[in-house]
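In: Would you be able to build a 3D model of this:
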Amino acid sequence: MLVAAAVCPCPPLLVPQVAAGAAPELDTARAACADALGVLAAARPDLLVVVGPAEQSGRGVHAEGTRGSFRGFGVDVDVRLGADGGVGVDVRRGADHGEDEPRPLPTSLAVAAWLLERTGWSDAPIEGLGVGEPLEPERCIQTGRGIAGRAERVALLVMGDASACRTLKAPGYLDERAAPFDAEVARALGAADVAALRALDAELAYELKASGRAPWQVLAGAAEGAGLGGSLLYENAPYGVGYVVAAWS
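Out: Numbering: from 1, shown residues only. The predicted structure follows:
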């Protein structure tokens, strides 16, 4: 059963070495993420599942101990998802993805691993799940239900960004629908409004480049019947991309 959840954005810029001179611009977001992870620790879960958007190669399960890197962003920073728990199983193919060289973490889960390392997480076993943008809402809901049934006390760390179309310089340029979409997402995440998250328009989210849609709907499935309350800890769009931090308990 889901007992707590933290929702965080997943830009590599959260890692100060990646952001370089611009790092202070996201200090408030980093602090909010740390507060959200504190809520997870306080819930004393038996299992923490980290869910985030992933490209094709990064989709599926990533076991505890899986490594990730920010070398592709020009910095010598490596991370690991929790302790060294061995090789993950690729649920898309139903087989180990190679005992000697498991798949690296997708960027969203690498950011999550960095956040967890930064806060010294050691409270429960961890597992990662990369989900694809095209995953249908009902499949997301079903996935979340399955995660909630994995242990008596399950916590979720849900990674994902809101729209990338808030300003003219945003990755997706300016779209007048972006601000209302992000406002509703922030409201729903802050209020732990499961029904509103379930109802998010997948096509609109795709058009607005909102990478968090599928992970948020996984959260909605996991939270069904859990009776959790929510708190909005941060909401802003410093680079024209919506970043939201929330905690559920």
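
In: can you give me the helices for this protein?
Out: Chain-ordered helices for the chain, with DSSP state H as the definition, fall at 16-19, 27-42, 107-118, 137-148, 178-191, 194-198, 202-207, 213-222.

In: Which of those helices sits closest to residue 236?
Out: In terms of Cβ to Cβ, the element of those nearest to residue 236 is helix 27-42, at 7.2 Å. All C-beta spots, glycine's among them, are computed from the backbone N, C-alpha and C.

In: relative to helix 107-118, how tilted is the closest one?
Out: Taking axes from the mean of the first three to the mean of the last three Cα atoms, to 10 degrees, helix 27-42 and helix 107-118 form an angle of 70 degrees between their directions.

In: avg pLDDT for helix 27-42?
Out: Per-region confidence: helix 27-42 scores 97 on mean pLDDT.

In: Likewise for stretch 65-77?
Out: Averaged over stretch 65-77, pLDDT sits at 96.

In: Need the residues that contact it.
Out: Counting by Cβ atoms under 8 Å, 6 or more residues apart in numbering, the neighbours of stretch 65-77 from elsewhere in the structure are 12, 15, 17-18, 78-86, 88, 102-107, 109-110, 113-114, 128.

In: quick one: low-confidence parts of the protein?
Out: Along the chain, the model assigns pLDDT under 70 to residues 84-101.

In: From the centroid of it, which residue is nearest?
Out: For the chain, the residue sitting closest to the mean C-alpha position, by Cα atoms, centre = their mean, is residue 159 at 1.1 Å.

In: What count of nearby residues applies to residue 207?
Out: A count of neighbours around residue 207, defined by other Cβ atoms under 10 Å, yields 16.

In: Ok, residue 56 next?
Out: For residue 56, the neighbour count with other Cβ under 10 Å is 11.

In: Quick check: it vs residue 81, distance?
Out: For residue 56, the distance to residue 81 (Cβ to Cβ, to the nearest Å) stands at 20 Å.

In: and what of residue 238?
Out: Note on residue 238: its distance to residue 81, by Cβ to Cβ, is 27 Å.

In: if you count what's nearby, which of these two comes out ahead?
Out: Between residue 238 and residue 81, counting by other Cβ under 10 Å, residue 81 is the more crowded of the two (27 against 16).

In: what sits against that one?
Out: 50, 62-68, 105, 109, 112-113, 116, 126, 128.

In: For residue 43, which non-adjacent residue is closest in space?
Out: residue 4 (3.5 Å; Cβ to Cβ, 6 or more residues apart in numbering).

In: these two touch, right, the one you found and residue 46?
Out: No: using Cβ atoms under 8 Å, residue 4 makes no contact with residue 46, being 11.6 Å away.

In: Settle it for me: which of the two has more neighbours?
Out: Neighbour comparison, residue 4 and residue 46: the larger count goes to residue 4, with 23 against 15 (by other Cβ under 10 Å).
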